[in-house]
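Q: Sequence first, then the predicted structure:
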Amino acid sequence: MRNSKEGSHRPEHLGRRGTCVCPKCGARVPHEPGLPCQEDRCPECGTKMLREGSKHHALFLEKHRKDPSKDADKDVSETPSSKD
């Protein structure tokens, strides 16, 4: 018998394929079936990954749309300057 809480936090509807995305540096890696993205670490910076299309990923995107200053980690020198 399956525990009612078992798997409730995992978006089974996303299927076995997909992509894990790093919320810090934006790195993308293929999702490994059987390993939730949040249990995997980014190969670039070590941050916990998010499953693209998941509820957590949607919440992350929404939060950063409302507060772009959350991207303070990103190098501002990469943005084009309009003073040229």
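A: Thanks, I have it. Numbers count the residues shown, from 1 in each chain.
Q: Show the pLDDT at Arg17.
A: Arg17 carries a pLDDT value of 85.
Q: Sorry, slip of the keys, the one I care about is Arg2.
A: At Arg2, pLDDT is 41.
Q: Show me the helices in this structure, by range?
A: Counting by DSSP state H, the chain has helices at residues 55-66.
Q: Buried residues in the helix or strand of it with the lowest mean pLDDT, which are they?
A: In the chain, the helix or strand scored least confidently by mean pLDDT, DSSP states H and E is helix 55-66, which has a mean of 89. Buried residues in helix 55-66, counted by 16 or more other CB atoms under 10 Å: His56, His57. All C-beta atoms are positioned from the backbone trio N, CA, C, and that covers glycine.
Q: now for that helix, which elements pack on it?
A: Where contact means 3 or more CB pairs under 8 Å, 6 or more residues apart in numbering; DSSP states H and E, helix 55-66 is packed against strand 50-51.
Q: Brilliant, that's me finished.
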